[in-house]
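>>> Here is a sequence with its predicted model. Questions after.
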Amino acid sequence: MTKFQSVEFYRRGPGARYSLLPFRFTELDNERYVLTNLGGEFLTVPKTALAAIVHHELGSSNPLYSELLARQFLTDRPSSIAPDLLAIKVRTRYQQLAEFTRLHIFVVTLRCEHSCPYCQVSRQSQDKLKFDMSPETASAAIDLALTRTRYDAATEWSRHCRRPCQDSHVNRARRTRAQEGGRAWRR
Amino acid sequence: MSRPGRDSRQVNETVKTTIGFDTKVFTTETVKKAAYRYVDRFTVDFELSGSRLTCTLSFAEDTSAEVTAKLVEEFKKEVLDQDLRERIKVETAPIRNLILAHAFSKTGLIADDQVSER
């Protein structure tokens, strides 16, 4: 006496009910589509098979069925394990969004007398005051950065024009708000 | 998609082909999405009369008949593809929202009341 049912027992016929999980597709070549989903899974399928998949006409004995099931393109289980698995993959994939960003870069001014090769900012002449960050923007930017402070977050401040900006309102705001944020974080 | 402001002389120079779709089979939105995919190769003017959606495809003057026929064929296939995409989108919308809500439920990116509504 066997402990398990035969494979046929678990197979469902061509009319088996399954639900589609969210996915996109695009043409790969004349013969195939590539399917992708939220979790980063992908699968290439013959063009002729796609309509059958979408119209729920794919039989469970088709090898493609198992592939689609394994990569969360469809689900046929009464439990929610496939959507749960997909949700876990989505959560892992977009973790950096949930924890906001690891790096904040504040470009407070474009005025600079240097030409540092690593600099990402287009250098402007000394009279380009209009590109300076306003106190309101600086305050809002610091608020945003401190809203979701990761323990490993880094903040980079533009080092342009250190002398003119050394005691600017931006730097004063930066020091004040960072101190406040630090105290709040420690609490 | 028509190009307002084009002069009539330039329009007369284009090669035109007309295709009709029944909006009971393909929605206008589906056909429009397909047209966007070919916006670099031809423009489309839409005219809806009853359930009949007439698309007038305008190609550049130097487009050969062979190329035109091929693009028309591809456009029809693209409409079919867009129809499948629409079906997938409609069928999976609730589960997609549920998965995203579940994935981000403990992150604070969505409000609690938004999660409880699902």
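Sure, I can see it. Numbers count the residues shown, from 1 in each chain, chains lettered A, B, ... in the order given.

>>> list the buried ones in the helix or strand containing B:Asp83?
Element membership for B:Asp83 (DSSP states H and E) is helix B:65-103. Going by neighbour count (16 or more other Cβ atoms under 10 Å in any protein chain shown), the buried part of helix B:65-103 is B:68, B:71-72, B:75, B:78-79, B:81-85, B:88, B:91-92, B:95-96, B:98-103. (Each C-beta comes from the backbone N, C-alpha and C, glycine too.)

>>> Stretch A:69-88 too?
Buried residues in stretch A:69-88, counted by 16+ other Cβ under 10 Å: A:Leu69, A:Arg71, A:Gln72, A:Phe73, A:Leu74, A:Thr75, A:Ala82, A:Pro83, A:Leu85, A:Leu86, A:Ala87.

>>> can you dump the C-alpha coordinates of that stretch into PDB?
Once non-C-alpha atoms are left out, stretch A:69-88 reads as follows in PDB (Å, rounded to 0.1, in the frame of the first residue of the first chain):
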ATOM      1  CA  LEU A  69       3.100  27.800 -11.300                       C
ATOM      2  CA  ALA A  70       6.700  27.600  -9.900                       C
ATOM      3  CA  ARG A  71       7.400  31.200 -10.900                       C
ATOM      4  CA  GLN A  72       4.200  32.700  -9.600                       C
ATOM      5  CA  PHE A  73       2.600  33.600 -13.000                       C
ATOM      6  CA  LEU A  74      -0.500  31.700 -12.000                       C
ATOM      7  CA  THR A  75      -1.900  29.900  -8.900                       C
ATOM      8  CA  ASP A  76      -4.300  27.000  -8.600                       C
ATOM      9  CA  ARG A  77      -4.000  26.200  -5.000                       C
ATOM     10  CA  PRO A  78      -6.800  26.900  -2.600                       C
ATOM     11  CA  SER A  79      -4.300  28.400  -0.200                       C
ATOM     12  CA  SER A  80      -2.600  31.800  -0.800                       C
ATOM     13  CA  ILE A  81       0.900  30.500  -0.900                       C
ATOM     14  CA  ALA A  82       1.700  31.700  -4.400                       C
ATOM     15  CA  PRO A  83       0.500  35.300  -3.800                       C
ATOM     16  CA  ASP A  84       2.300  35.200  -0.400                       C
ATOM     17  CA  LEU A  85       5.600  34.000  -2.100                       C
ATOM     18  CA  LEU A  86       5.200  36.800  -4.700                       C
ATOM     19  CA  ALA A  87       4.600  39.400  -2.000                       C
ATOM     20  CA  ILE A  88       7.800  38.200  -0.200                       C
END
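
>>> Quick one: mean pLDDT over that stretch.
Averaging pLDDT along stretch A:69-88 yields 81.

>>> Just confirm yes or no for that stretch near chain B.
Yes: residues of stretch A:69-88 contacting chain B under Cβ under 8 Å from any Cβ of the partner chain: A:Pro83, A:Asp84, A:Leu86, A:Ala87, A:Ile88.

>>> Alright, I will stop here.
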